[in-house]
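*Asks:* Below are the sequence and a predicted model; questions follow.
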Amino acid sequence: MLNRVILFICLAAGTVSLSAQKFGYVNSQEILSMMPELQEANSQLDVMKNMFSKKGQDMVQELRTKYQVLQKKQASGEVAPIVLEKEAAELKAEEEKIIEFEKPVSRKCMRKVKS
(Lines give C-alpha, C1' and ligand atoms only; values in the text may rest on other atoms or scores of the structure.)
Protein backbone atom coordinates (compact mmCIF):
# COMPACT_ATOMS: atom_id res chain seq x y z
CA MET A 1 0.00 0.00 0.00
CA LEU A 2 2.84 2.38 0.86
CA ASN A 3 4.44 1.63 -2.50
CA ARG A 4 1.25 2.65 -4.30
CA VAL A 5 1.04 5.92 -2.38
CA ILE A 6 4.65 6.76 -3.18
CA LEU A 7 4.06 5.86 -6.83
CA PHE A 8 0.96 8.04 -6.93
CA ILE A 9 2.83 10.99 -5.40
CA CYS A 10 5.70 10.60 -7.90
CA LEU A 11 3.29 10.47 -10.84
CA ALA A 12 1.37 13.48 -9.57
CA ALA A 13 4.57 15.48 -9.06
CA GLY A 14 5.79 14.54 -12.52
CA THR A 15 2.52 15.62 -14.10
CA VAL A 16 2.62 18.98 -12.32
CA SER A 17 6.19 19.67 -13.41
CA LEU A 18 5.41 18.67 -17.01
CA SER A 19 2.48 21.04 -17.23
CA ALA A 20 4.65 23.88 -15.88
CA GLN A 21 7.05 23.71 -18.83
CA LYS A 22 6.48 26.37 -21.46
CA PHE A 23 8.02 26.79 -24.85
CA GLY A 24 8.80 30.06 -26.53
CA TYR A 25 10.23 31.42 -29.74
CA VAL A 26 13.17 33.81 -29.91
CA ASN A 27 14.00 35.57 -33.17
CA SER A 28 17.76 35.76 -32.76
CA GLN A 29 18.24 37.45 -36.15
CA GLU A 30 16.06 40.35 -35.03
CA ILE A 31 17.91 40.65 -31.74
CA LEU A 32 21.29 40.59 -33.47
CA SER A 33 20.22 43.14 -36.07
CA MET A 34 19.38 45.59 -33.28
CA MET A 35 22.87 45.39 -31.80
CA PRO A 36 25.02 48.37 -32.85
CA GLU A 37 28.17 46.28 -32.27
CA LEU A 38 27.08 43.85 -34.96
CA GLN A 39 26.42 46.63 -37.43
CA GLU A 40 29.83 48.16 -36.70
CA ALA A 41 31.55 44.78 -37.05
CA ASN A 42 29.79 44.17 -40.37
CA SER A 43 30.88 47.55 -41.70
CA GLN A 44 34.48 46.90 -40.61
CA LEU A 45 34.34 43.49 -42.28
CA ASP A 46 33.06 45.06 -45.51
CA VAL A 47 35.84 47.66 -45.47
CA MET A 48 38.47 44.98 -44.86
CA LYS A 49 37.02 42.73 -47.56
CA ASN A 50 36.96 45.57 -50.09
CA MET A 51 40.53 46.56 -49.24
CA PHE A 52 41.87 43.02 -49.71
CA SER A 53 39.76 42.52 -52.81
CA LYS A 54 41.14 45.70 -54.40
CA LYS A 55 44.71 44.72 -53.55
CA GLY A 56 44.18 41.23 -54.97
CA GLN A 57 42.62 42.59 -58.15
CA ASP A 58 45.53 44.99 -58.59
CA MET A 59 48.00 42.15 -58.19
CA VAL A 60 46.15 40.01 -60.73
CA GLN A 61 45.90 42.88 -63.22
CA GLU A 62 49.62 43.57 -62.91
CA LEU A 63 50.37 39.89 -63.52
CA ARG A 64 48.10 39.83 -66.60
CA THR A 65 49.87 42.88 -67.99
CA LYS A 66 53.26 41.23 -67.51
CA TYR A 67 52.02 38.05 -69.21
CA GLN A 68 50.70 40.05 -72.16
CA VAL A 69 53.98 41.92 -72.53
CA LEU A 70 55.88 38.64 -72.44
CA GLN A 71 53.56 37.09 -75.04
CA LYS A 72 54.06 40.09 -77.36
CA LYS A 73 57.83 39.82 -76.97
CA GLN A 74 57.64 36.10 -77.72
CA ALA A 75 55.42 36.62 -80.78
CA SER A 76 57.70 39.29 -82.20
CA GLY A 77 60.85 37.29 -81.43
CA GLU A 78 62.34 40.01 -79.23
CA VAL A 79 63.26 37.63 -76.46
CA ALA A 80 65.59 34.63 -76.44
CA PRO A 81 64.13 31.27 -75.36
CA ILE A 82 66.33 31.19 -72.25
CA VAL A 83 65.19 34.65 -71.17
CA LEU A 84 61.60 33.66 -71.98
CA GLU A 85 61.83 30.65 -69.67
CA LYS A 86 63.35 32.78 -66.91
CA GLU A 87 60.64 35.44 -67.16
CA ALA A 88 57.92 32.79 -67.35
CA ALA A 89 59.28 31.23 -64.15
CA GLU A 90 59.27 34.65 -62.46
CA LEU A 91 55.66 35.20 -63.50
CA LYS A 92 54.73 31.75 -62.20
CA ALA A 93 56.34 32.60 -58.86
CA GLU A 94 54.40 35.85 -58.77
CA GLU A 95 51.20 33.92 -59.50
CA GLU A 96 51.94 31.64 -56.55
CA LYS A 97 52.46 34.72 -54.36
CA ILE A 98 48.98 35.90 -55.32
CA ILE A 99 47.53 32.52 -54.39
CA GLU A 100 49.38 32.61 -51.06
CA PHE A 101 48.07 36.15 -50.51
CA GLU A 102 44.47 35.03 -51.03
CA LYS A 103 44.62 32.14 -48.55
CA PRO A 104 45.29 34.14 -45.36
CA VAL A 105 42.96 36.90 -46.51
CA SER A 106 40.01 34.53 -46.69
CA ARG A 107 41.00 33.08 -43.31
CA LYS A 108 41.17 36.56 -41.78
CA CYS A 109 37.73 37.42 -43.12
CA MET A 110 36.27 34.16 -41.79
CA ARG A 111 37.93 34.74 -38.41
CA LYS A 112 36.37 38.22 -38.28
CA VAL A 113 32.96 36.75 -39.11
CA LYS A 114 33.21 34.16 -36.35
CA SER A 115 34.35 36.59 -33.68
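*Replies:* In hand now; what should we look at? Residues are numbered from 1 along each chain as shown.
*Asks:* all contacts plus neighbour counts: C-alpha atoms, from now on.
*Replies:* Fine.
*Asks:* What residues of the strand or helix carrying E94 count as buried?
*Replies:* Here E94 sits within helix 81-114, counting by DSSP states H and E. For helix 81-114, the neighbour count (16 or more other Cα atoms under 10 Å) marks L84, E87, A88, L91, E94, E95, I98, V105 as buried.
*Asks:* So in the protein, where's the weakest helix or strand by average pLDDT?
*Replies:* Every helix and strand of the chain was ranked by mean pLDDT, DSSP states H and E. The lowest is helix 2-20, at a mean of 59.
*Asks:* and the helix holding E94, what's its mean pLDDT?
*Replies:* For helix 81-114, the mean pLDDT works out to 80.
*Asks:* Tell me the gap between it and the middle of its chain.
*Replies:* Relative to the centre of its chain, helix 81-114 is centred 18 Å away, using Cα atoms, centre = their mean, to the nearest Å.
*Asks:* after the least confident helix or strand of the chain comes which helix or strand?
*Replies:* Going down the chain from helix 2-20, the next helix or strand is helix 28-33, by DSSP H and E.
*Asks:* quick one, the very next helix or strand once past that following helix and helix 81-114 angle?
*Replies:* Scanning forward in sequence from helix 28-33 by DSSP H and E, the next helix or strand is helix 36-76. Interaxial angle, helix 36-76 versus helix 81-114 (axes from the mean of the first three to the mean of the last three Cα atoms, to 10 degrees): 170 degrees.
*Asks:* tell me what helix 36-76 is packed against?
*Replies:* Contacts defined by 3 or more Cα pairs under 8 Å, 6 or more residues apart in numbering; DSSP states H and E place helix 36-76 against helix 81-114.
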